[in-house]
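got a predicted model here, sequence first, then my questions.
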Amino acid sequence: MLETLHRIIQKVNASADLGEALDTIVYMLRESIQADVCSVYLTDFETHRHVLRATDGLNREAIGKAYLPMHRGLVGLVCERAEAINVEDAHLHRNYLATTETGETSYHGFLGAPILQQSKVLGALVVRNRKAGKIDDEVVTFVLTLAAQLAGAIAHAGVTGELAKIQGRGGHGNQLLKGRSSSSGIAMGTAFVTSQPADLESVPDRLTHDRELEQEQLREAIQAVQNELRRLKQKLSSDLPEEDRALFDAWLMILSEDALTGRAIQLIAEEGLWAPAALRTTVEEHARVFDAMEDIYLRERASDIRDLGRRVLSHLQQESPSIIEYPERTILVGEEVSAVQLAEVPRSKLAGVVSATGSSSSHVAILSRALGIPSVMGVDSLPTMRLDGRELILDGYSGRIYISPQPMVREEYQRLAEEDRALTAELDNLRGLPVETTDGVCIPLYLNTGLLTDMSSFGIEESDGVGLYRTEFPFMVRDRFPGEETQVKNYRKVLQAFSPRPVVLRTLDIGGDKPLPYFPVKESNPFLGWRGVRISLDHPEIFLTQVRAMLRASADLDNLHIMLPMVTSVAEVDQLLALIKRAHRELLEEGCAITKPKIGVMIEVPAAVYNSVAIAKRVDFISVGTNDLTQYLLAVDRNNPRVAELYSDLHPAVLFAITQIIEGASQYNCPVGICGELAGNPLATPLLIGMGVDSLSMSAGSLLRVKRVISTISQSHAIRLLQSTLQMNEADEITAFMSAALENLGLEKLLKPGQLAPKT
Ligand code: PEP
Ligand code: MG
């Protein structure tokens with residue numbers, strides 16, 4: 001069964017469109033379970049009908065015509081209950097409603113499985129048998145599994161407009177997608193799809209202005225792969241038997257003018273596609289033929305074709321001109337947009353970011369906040385291949401994305417964007433004013449940064465220093481570890497820009513979701529693996545070079561603070577402190593008179609929360625990294641869109657942990673700041689003031705919002721709010737309570753304006 005399931009799924013995924021996917025599923029399912037009929041009904045939420053969309057066994061003339069009103073018939077019952085219904089004789093069931101035009105009245109056995117996506121029922125997969133009788137349990141689970149797979153294909157078609165088209169509703173305008181809001185603001189612009197290197201599936205459809213050039217580049221790339229294959233064949237001639245070497249000839253044939261090359265060249269000439277899209281289409285067409293073969297050996301050839309396609313693509317990508325033309329208002333879209341891809345877009349052209357994976361605490365989201373660029377992460381069923389060049393509206397408040405929006409929606413968003421600008425202008429009045437509660441408590445506001453380009457003059461003027469400089473970004477945009485001199489120059493620029501205010505440089509926090517292309521760490525569970533100071537302790541040479549560079553960069557400025565990420569145990573702190581001491585001593589011996597910096601530890605692992613007293617005893621300051629602390633306390637991957645609903649840094653466990661850290665650190669008068677995203681969330685500001693945090697560090701875009709909250713509230717009021725929230729059990733309850741509290745303070749404008757977005 002598993003083998004059949006894989007085969008069906010593979011074929012469904014390789015289908016060119018929804019119609020083909022539905023046909024494939026009904027034919028292959030009916031055949032594999034030997035049923036008399038197999039059909040798909042999809043719910044049309046506009047006309048309130050469950051419409052027959054594909055069938056093998058019923059009258060095909062009825063496809064698109066036969067329907068059951070919503071909630072009626074056995075199909076209605078399956079959709080309403082969102083569970084499988086297995087009936088011995090449909091005719092005897094009280095919900096039975098016949099659709100005579102389908103010819104189904106002569107069938108008695110009935111099994112219906114809901115097609116569910118993220119708890120929304122999209123329709124039903126139905127199996128019918130002529131004879132009465134319940135269907136075997138094993139078949140039921142098989143059908144249920146397939147129905148779940150089908151949901152992805154249907155949802156995908158829904159957002160590309162294909163579903164609307166087959167439902168006769170045109171399919172133009174206003175397709176809406178939903179993800180996690182990750183950086184607030186509204187962006188209106190043109191999608192630019194970025195693909196992973198040599199990833200055929202993520203190549204977008206794009207038209208070319210120069211068909212001849214595309215053809216030439218494709219031919220050259222194919223030629224390069226053919227040469228590679230010939231060389232490989234030659235190299236392996238003494239190790240491989242003749243019959244295995246024949247494989248190389250087969251591959252060379254696949255790449256010949258008569259097969260892949262000819263068809264791809266034709267697509268460029270006739271349809272004007274750019275070479276990567278012509279290649280992707282051709283490879284898929286050829287691979288699908290093999291996918292459908294019964295013979296396992298022949299089916300395997302599909303993966304050879306895809307592999308050859310990837311090889312050609314990788315040559316094409318090397319050859320394609322490195323100067324990319326970005327649209328004027330680029331909305332960067334991708335399956336997994338990386339920090340590097342984001343950094344590649346000229347700042348003046350970057351309007352927004354949309355990524356299929358990731359969440360609001362992914363690093364690309366953090367970077368987009370630092371740049372003040374609206375972003376939405378974790379967009380399920382993002383049809384990346386079909387978005388390039390299309391008009392998008394991105395609502396960074398609510399996480400909505402509109403593809404080819406209708407004029408009404410566009411106008412509404414223009415109005416919201418205007419409101420946004422008005423709020424920004426209002427907040428501008430706070431620039432330069434002290435950050436003080438109404439009862440006189442001062443809270444320094446620091447900046448989170450990591451790229452020299454995101455250090456705007458606004459951030460430099462408006463903050464009390466840098467509370468978190470993520471040093472890994474300059475490491476990520478290079479092709480090797482930067483040397484000591486390069487690092488000194490980099491750090492000196494930051495230290496100088498903020499001098500005499502403090503600058504906290506965090507030591508390298510790679511691993512987890514921050515891989516370095518030249519230092520691959522392959523692990524099945526990277527967030528619980530080799531990351532942060534664990535790598536530093538195993539590679540003291542990398543750590544020492546970095547610390548030396550930090551110390552040298554601080555000469556005569558004396559505003560350096562060093563911070564250690566991902567600390568779990570006190571022993572780690574002791575070892576790292578010893579290494580820093582050693583680097584300092586060596587520099588003194590080399591004649592560099594450098595003041596000993598303040599050293600702090602990030603608390604982001606639950607174990608460190610319980611060790612906060614012992615840690616506080618050893619260091620000059622503590623900074624709570626709520627992004628990781630939340631993921632580890634709640635056991636929710638901060639980048640996984642499937643569990644994004646469960647990720648909340650306003651969870652009572654997180655708030656309670658912070659109060660414990662502050663209490664523990666107070667035993668040694670060790671100051672505690674917050675540098676995770678919670679610090680920049682106006683909803684959390686009163687709670688953090690109530691806890692008595694010593695400082696907050698955030699993206700530049702949050703500075704004035706948080707300042708506004710602080711200057712509107714007294715610490716005593718904040719303490720009362722905190723006491724109430726510490727009685728609550730759910731993050732949602734706390735969010736609702738704090739939203740109401742901000743409204744009472746007249747700060748509702750700071751709450752997400754996207755809630756006012758047009759209803760769809
Ligand atoms: C954190 O974990 O809260 C933090 C600030 O570090 P990063 O987001 O870089 O992991
Ligand atoms: Mg962290």
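Right, received. Where do you want to start? Ligands and ions are numbered 1, 2, ... in the order given.

what residues does the stretch 601-750 of the chain have near ligand 1?
Near ligand 1, the residues belonging to the stretch 601-750 of the chain are E604, G625, T626, N627, D628, C675, G676 when assessed by CB under 6 Å from any ligand atom. The C-beta positions use only the backbone N, C-alpha and C, and glycine is treated the same way.

ok, which of these also contact ligand 2?
Counting by CB under 5 Å from the ion, E604, G625, D628 from these sit close to ligand 2.

report the two of the residues of the stretch 601-750 of the chain next to ligand 1 separated the most.
Greatest spacing in those, by CB to CB: D628 and C675 (10.7 Å).

ok, the two, which is more surrounded?
The neighbour count for D628 versus C675, taken as other CB atoms under 10 Å, is higher for C675 (29 against 23).

the more buried one contacts G467, correct?
Yes - distance between C675 and G467: 5.1 Å, which falls inside the contact criterion (CB atoms under 8 Å).

list the contacts of I154.
For I154, the contacting residues are L18, L42, I115, Q117, L122, G123, L163, taking CB atoms under 8 Å, 6 or more residues apart in numbering as the criterion.

tell me which element it is part of?
helix 137-160 (DSSP states H and E).

so G76 touches N95, yeah?
Yes - with contact defined as CB under 8 Å, G76 counts as touching N95 (7.0 Å).

of those two, who's got more company?
Set side by side, G76 and N95 show unequal neighbour counts under other CB under 10 Å, the larger going to G76 at 21 against 16.

what kind of secondary structure is that one in?
Classification of G76 using DSSP: H, G, I helix; E, B strand; the rest coil returns helix.

can you get me a residue count around the residue in the stretch 51-200 of the chain positioned nearest to ligand 2?
Per CB to the ion, S182 is where the stretch 51-200 of the chain lies closest to ligand 2, at 16.0 Å. Other residues near S182 come to 28 when the count uses other CB under 10 Å.

hang on, it is in a strand, isn't it?
Yes - with three-state DSSP as the criterion, S182 is located in a strand.

tell me, what's touching C675 and G467 both at once?
In the contact map built from CB under 8 Å, 6+ apart, the residues linked to both C675 and G467 are Y446, N448, V504, S623, S697, M698.

let me have the residues you listed in CSV, extended by pLDDT.
Converted to CSV, those look like this (pLDDT from 0 to 100):
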residue, pLDDT
Y446, 97
N448, 92
V504, 98
S623, 98
S697, 97
M698, 93
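
turn the residues you listed into JSON lines, columns for neighbour count and secondary structure.
Compiled in JSON lines, the shared contacts of C675 and G467 are given as follows (neighbours: other CB atoms under 10 Å; DSSP: H, G, I helix; E, B strand; the rest coil):
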{"residue": "Y446", "neighbour count": "27", "secondary structure": "strand"}
{"residue": "N448", "neighbour count": "28", "secondary structure": "strand"}
{"residue": "V504", "neighbour count": "27", "secondary structure": "strand"}
{"residue": "S623", "neighbour count": "31", "secondary structure": "strand"}
{"residue": "S697", "neighbour count": "27", "secondary structure": "strand"}
{"residue": "M698", "neighbour count": "27", "secondary structure": "strand"}
